[in-house]
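> what follows is a protein structure lacking sequence information:
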């Protein structure tokens with residue numbers, strides 16, 4: 001697989017995934033979204049929480065909101081020890097077992113600092129240490145600096161993200177924050193592709209999803225759309241250790257069309273139309289039933305009053321780790337389905353139940 005073979009803007013996807021932005025501090029991503037959306041939409045605004053909404057006006061008053069969250073899971077510095085190590089508070093859902101021996105970036109007021117989450121060698125650990133349950137509270141970041149320098153440069157409240165390149169891995173795209181920058185990327189690609197829609201489309205890049213769908217919930221009140229569509233990643237457990245019934249989705253088998261997760265049950269008529277559009281356009285797709293976890297779909301489905309909602313999901317291996325993976329063909333399928341669904345929305349479909 002070569003970058004030249006991809007039909008989408010791989011360089012933009014890399015920029016979005018490698019740029020940092022934790023919940024509540026999505027500034028760098030927001031700047032990219034504004035830069036990319038502004039030439040493609042009729043209006044662009046940012047609300048008090050930091051949600052970015054780009055709107056393309058349609059021929060009718062009927063409107064659709066498409067939401068994808070900008071934030072990635074990360075950390076906030078909660079304490080700087082006398083020895084110059086950083087203790088962390090989690091922003092989003094981390095599995096502490098994967099944190100040791102990770103490279104990180106500490107985002108301070110005066111600039112970024114490289115660091116590492118160290119792991120003591122097993123030579124000096126007894127059986128009790130080796131069997132101890134991992135906790136985020138036990139993690140320490142080592143900046144390779146003396147305590148006095150660390151105290152001068154780092155403050156409580158500074159932010160920490162994992163440091164990882166995005167690269168092609170066979171037929172996969174692998175890196176940090178694929179969740180959910182691949183969906184933010186989809187918003188931009190869809191805005192580029194759609195020029196004269198029948199309905200008004202609000203492309204919403206939301207904030208603070210990883211800490212409780214907070215941006216989408218606020219946006220669901222402020223933007224009174226007639227139809228809602230969430231775009232996010234979902235689990236692909238098609239790896240050793242899981243049975244087929246536990247996969248949720250499988251890489252390479254197309255766009256995920258969400259039926260439910262722990263926060264939302266999608267409108268069956270919206271789901272059926274997504275499937276119909278996919279079939280008519282020969283877009284590969286697969287059903288998604290996520291047993292645990294929620295997305296912005298729920299935030300915009302009922303926050304401002306009940307509205308029909310559906311969701312398109314990017315199948316992703318190793319979610320909430322620094323090595324998340326998506327299949328290039330699934331990325332293209334999700335992009336194609338999103339554009340096709342929006343292009344064919346007339347505002348006359350009956351989504352009532």
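Good, I have the coordinates. Remember, predicted model here, so these are calculated numbers, not experimental data. Numbers count the residues shown, from 1 in each chain.
> show me where the stretch 51-200 of the chain has helices.
Using DSSP state H, counting those that start in this stretch, the helices of the stretch 51-200 of the chain run over residues 127-131, 147-153, 178-193.
> err, the stretch 201-350 of the chain, not the other one
214-222, 268-280, 296-302, 328-343.
> most packed of the ones you listed?
helix 296-302 (a mean of 26; mean count of other CB atoms under 10 Å). In this view, the C-beta of every residue, glycine as well, is placed from N, C-alpha and C.
> among the helices of the stretch 201-350 of the chain, which is nearest residue 39?
helix 328-343 (17.3 Å; CB to CB).
> for the closest one, name the packing helices and strands.
When contacts are defined as 3 or more CB pairs under 8 Å, 6 or more residues apart in numbering; DSSP states H and E, helix 328-343 packs onto strand 63-69, strand 172-175, helix 178-193, strand 227-235, strand 255-260, helix 268-280, strand 309-316.
> just send those back as a markdown table, with distance to residue 153 too.
Shown next, in a markdown table, are the helices and strands packed on helix 328-343 (distance: least, CB to CB, whole Å):
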| stretch | distance to residue 153 |
| --- | --- |
| strand 63-69 | 30 |
| strand 172-175 | 27 |
| helix 178-193 | 28 |
| strand 227-235 | 34 |
| strand 255-260 | 43 |
| helix 268-280 | 49 |
| strand 309-316 | 35 |
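> any chance of the helices of the stretch 51-200 of the chain in CSV, with mean neighbour count and distance to residue 80 too?
As requested, those are arranged in CSV below (neighbours: other CB atoms under 10 Å; distance: least, CB to CB, whole Å):
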stretch, mean neighbour count, distance to residue 80
helix 127-131, 8, 24
helix 147-153, 14, 6
helix 178-193, 25, 29
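> for residue 59, find the nearest of the helices of the stretch 201-350 of the chain.
Residue 59 sits nearest to helix 328-343 of all these, at 12.9 Å, using CB to CB.
> and the angle for that closest one with strand 63-69?
Put simply, helix 328-343 runs at 160 degrees to strand 63-69, going by axes from the mean of the first three to the mean of the last three CA atoms, to 10 degrees.
> helix 328-343 - what's its average pLDDT?
Here helix 328-343 scores 98 as its mean pLDDT.
> quick one, that helix and strand 255-260 angle?
Relative orientation of helix 328-343 versus strand 255-260 (the same axes, to 10 degrees): 70 degrees.
> any idea what residue 311 is bridged to?
Bridge pairing for residue 311 (DSSP bridges) gives the partners residue 230.
> circling back: can you put the helices and strands packed on helix 328-343 in a markdown table and add mean pLDDT?
As requested, those are exported to a markdown table (pLDDT from 0 to 100):
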| stretch | mean pLDDT |
| --- | --- |
| strand 63-69 | 98 |
| strand 172-175 | 98 |
| helix 178-193 | 98 |
| strand 227-235 | 98 |
| strand 255-260 | 98 |
| helix 268-280 | 98 |
| strand 309-316 | 98 |
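> turn the helices of the stretch 201-350 of the chain into CSV, including distance to residue 113.
Listed next are the helices of the stretch 201-350 of the chain as CSV, based on distance: least, CB to CB, whole Å:
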stretch, distance to residue 113
helix 214-222, 28
helix 268-280, 44
helix 296-302, 32
helix 328-343, 32
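> between these, which one is closest to residue 62.
Among the helices of the stretch 201-350 of the chain, the nearest to residue 62 by CB to CB is helix 328-343 (12.1 Å).
> now the closest one against helix 178-193, angle please.
Going by the same axes, to 10 degrees, helix 328-343 makes 50 degrees with helix 178-193.
> distance from the chain centre to helix 328-343, please.
When distances are taken as CA atoms, centre = their mean, to the nearest Å, helix 328-343 is centred 16 Å away from the chain's centroid.
> kindly report the same for stretch 148-157.
Relative to the centre of its chain, stretch 148-157 is centred 30 Å away, using CA atoms, centre = their mean.
> ok, residue 237 touching residue 247?
Yes. Residue 237 is within contact range of residue 247, at 4.9 Å (criterion: CB atoms under 8 Å).
> residue 232: which of the helices of the stretch 201-350 of the chain is closest?
helix 296-302 (6.6 Å).
> and the closest one, what does it pack against?
Helices and strands touching helix 296-302, by 3+ CB pairs under 8 Å, 6+ apart, are strand 63-69, strand 200-206, helix 214-222, strand 227-235, strand 309-316.
> mind checking which of the ones you listed is nearest residue 156?
When those are compared by CB to CB, helix 214-222 sits nearest residue 156, at 22.2 Å.
> now that closest one and strand 63-69, what's the angle there?
Using the same axes, to 10 degrees: helix 214-222 against strand 63-69 is 170 degrees.
> packing partners for helix 214-222?
When contacts are defined as 3+ CB pairs under 8 Å, 6+ apart, helix 214-222 packs onto strand 63-69, strand 200-206, helix 296-302.
> walk me through the domains of the protein.
Here the domain parsing of the chain from automatic domain parsing is 3-72+176-343, 74-162.
> mean pLDDT lowest for which of these?
domain 74-162 (a mean of 89).
> appreciated, that's everything.
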